[in-house]
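# how would this look folded up:
(chains A and B)
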2 protein chains.
Amino acid sequence: MQELKEKILEEGFVLPGNILKVDSFLNHQIDPQMSYAMGKEFARRFANDKIDRVVTLESSGIAIALTTAHELGVKMVFARKAKSELMKEEAYISKVHSFTKKVTNEIYVLRKFLPAGENILLIDDFLADGNAAFGLFDIVEQAGCKVAGIGIAVEKSFQNGAKRITEAGYRLESLARIKSLDDCKITFAED
Amino acid sequence: MQELKEKILEEGFVLPGNILKVDSFLNHQIDPQMSYAMGKEFARRFANDKIDRVVTLESSGIAIALTTAHELGVKMVFARKAKSELMKEEAYISKVHSFTKKVTNEIYVLRKFLPAGENILLIDDFLADGNAAFGLFDIVEQAGCKVAGIGIAVEKSFQNGAKRITEAGYRLESLARIKSLDDCKITFAED
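Predicted coordinates:
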């Protein structure tokens, strides 16, 4: 997605350790116009897949999952990271280790918001080692639903998440694929 | 906002302890159409206030803050709850005690995403005792910005948040005001 790649080049910057900061529009400050454009693009790529529901993980996936779900005319659910004390109903639960934050979180979706048999589009802002994605696949499959695919805003193609996802047979649609952050320089993979 | 009140009556339910669950459309499963409608309504109420930026708190405020910011044509920032290890820049930090989760969180916004002198619209999904609101007021004022007001989806008018906010001189716009949840029955305040 050309518009996203240009935005990454304009506003993104790289920290040592292959960390790409795009918090000026994607995951702290949000540029709503960009979020709406990304939602339209995800919806376009999955337009023929009869998506029943969009699922993401709080917090940074929410904006683009919302706009995607709105475009597709379906509901969105965001997996939550900590078990709320309010929760009395049963939930599907999985574990996700965060590459950037170096912690393992339990994530959950209440069972009633993931009815069996649905065709689910997963959305997330970043793909690095794929742990969040596999946590979401696990939850969707516990629910007896089908993973139609996963839409990612920024894929770090030099880490192994993309390989793990496609080798496991899931469809992956990344809007921007980054081949390298070496020498703190952003290089995109060829489309 | 009539559409929201009808949705609350249709889908909301009350748990003992004055807890209103609206997680079928507001804070776990999200109904994008409703989120977009709420954003339009917030934008309408603050249309003449020259809003520079919308600020909310992760996670449940993000969807409605995004749609509001998009309608107003401004950027959105969501305050984050835990200090990411990635964070090297300075941040405005405040503390918020959660009524429902019984924990105190630090919340922060990076200074660069809250330039001094702006006119800020705050948005959040729920208003109970007002602690989250006052944490956000604190951050906005640390930044040398002005609070134009706070837009709330669901105000629990029988708790003291609304009173605290208006007595402190802030403008409060709630889309649905709940007078009572006694006997597990939802009663709205008069408009």
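
# Could you list the paired strands of the biggest strand by length in chain A along with their orientation?
Using DSSP state E to define each element, chain A has its longest strand at strand A:146-156. Sheet partners assigned to strand A:146-156 using DSSP bridges are listed as strand A:119-127 (parallel), strand A:172-180 (parallel).

# Only the buried residues of the next helix or strand after that strand, if you could.
Using DSSP states H and E, the helix or strand that follows strand A:146-156 towards the C-terminus is helix A:161-167. Within helix A:161-167, the residues that qualify as buried are A:161-162, A:164-165, counting by 16 or more other CB atoms under 10 Å in any protein chain shown. For the C-beta atoms, the positions are set from N, CA and C on the backbone; glycine is no exception.

# Go through the residues you listed and say which is closest to residue A:190.
Closest approach between those and residue A:190, by CB to CB: residue A:162, at 13.9 Å.

# who in chain A is up against chain B?
Residues of chain A lying close to chain B (CB under 8 Å from any CB of the partner chain) are A:15, A:19, A:21, A:23-24, A:28-33, A:35-36, A:58-59, A:62-63, A:66-67, A:69-70, A:74-78, A:80, A:84-86, A:88, A:100-102, A:109-110, A:113.

# Among these, name the ones in helices.
A:32-33, A:35-36, A:62-63, A:66-67, A:69-70 (DSSP state H).

# Kindly present these as a markdown table, with separate columns for pLDDT and neighbour count.
Output for those, formatted as a markdown table (pLDDT from 0 to 100; neighbours: other CB atoms under 10 Å in any protein chain shown):
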| residue | pLDDT | neighbour count |
| --- | --- | --- |
| A:32 | 98 | 24 |
| A:33 | 98 | 14 |
| A:35 | 98 | 25 |
| A:36 | 98 | 20 |
| A:62 | 98 | 28 |
| A:63 | 98 | 33 |
| A:66 | 98 | 27 |
| A:67 | 98 | 31 |
| A:69 | 98 | 29 |
| A:70 | 98 | 24 |
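
# As a markdown table, those residues with distance to residue B:95 would be great.
Below are these laid out as a markdown table (distance: CB to CB, whole Å):
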| residue | distance to residue B:95 |
| --- | --- |
| A:32 | 28 |
| A:33 | 33 |
| A:35 | 29 |
| A:36 | 33 |
| A:62 | 23 |
| A:63 | 25 |
| A:66 | 28 |
| A:67 | 32 |
| A:69 | 33 |
| A:70 | 34 |
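
# May I ask which two of these are separated the most?
Maximum pairwise distance in those, criterion CB to CB, is 17.7 Å, between A:33 and A:69.

# Roughly how far does residue A:44 sit from chain B?
Residue A:44 is 16 Å from chain B, where distance means CB to the nearest CB, to the nearest Å.

# Could you give the number of residues near that residue?
The number of residues packed near residue A:44 is 14, by other CB atoms under 10 Å in any protein chain shown.

# Am I right that it sits in a helix?
Yes - according to DSSP: H, G, I helix; E, B strand; the rest coil, residue A:44 belongs to a helix.

# so where is chain A shaky, pLDDT-wise?
Along chain A, segments meeting pLDDT under 70 span A:83-89, A:99.

# Please name the spatially closest residue to the residue positioned nearest the centre of it (chain neighbours excluded).
Chain A has residue A:124 as the residue nearest its centroid, 1.1 Å off, counting by CA atoms, centre = their mean. Once flanking residues are discounted, residue A:124 sits nearest to residue A:61: 4.6 Å by CB to CB, 6 or more residues apart in numbering or on different chains.

# Report the contact partners of the one you found.
For residue A:61, the contact set (CB atoms under 8 Å, 6 or more residues apart in numbering or on different chains) comprises A:78, A:123-125.

# Would you mind finding the most buried of the strands paired with strand A:146-156?
strand A:119-127 (a mean of 24; mean count of other CB atoms under 10 Å in any protein chain shown).

# mind saving the C-alpha coords of that strand as PDB?
Written as PDB, here are the backbone C-alpha positions of strand A:119-127 (Å, rounded to 0.1, in the frame of the first residue of the first chain):
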ATOM      1  CA  ASN A 119     -15.200 -16.900   9.000                       C
ATOM      2  CA  ILE A 120     -12.900 -14.600  10.800                       C
ATOM      3  CA  LEU A 121     -10.500 -11.900   9.500                       C
ATOM      4  CA  LEU A 122      -7.700 -11.100  12.000                       C
ATOM      5  CA  ILE A 123      -6.100  -7.700  12.000                       C
ATOM      6  CA  ASP A 124      -3.100  -6.400  13.800                       C
ATOM      7  CA  ASP A 125      -0.800  -3.400  13.500                       C
ATOM      8  CA  PHE A 126       2.600  -5.100  13.500                       C
ATOM      9  CA  LEU A 127       4.000  -8.600  12.600                       C
END
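
# Just after it, pick out the following helix or strand.
Downstream of strand A:119-127 (by DSSP H and E), the next one is helix A:131-142.

# for that next one, which positions count as buried?
Neighbour-count burial for helix A:131-142 flags A:131-140, A:142 (criterion: 16+ other CB under 10 Å).

# Out of these, the closest to chain B would be?
Minimum distance to chain B across the buried residues of helix A:131-142 is 12.9 Å, recorded for residue A:139 (CB to the nearest CB).

# who touches that closest one in this structure?
By CB under 8 Å, 6+ apart, the contact set of residue A:139 is A:55, A:79, A:92-94, A:107-109, A:114.

# Repeat that for residue A:92.
Contacts of residue A:92 (CB under 8 Å, 6+ apart): A:108-109, A:111, A:114, A:139, A:142-143.

# quick one: residue A:146 and chain B, what's the gap?
Between residue A:146 and chain B the computed distance is 19 Å (CB to the nearest CB).
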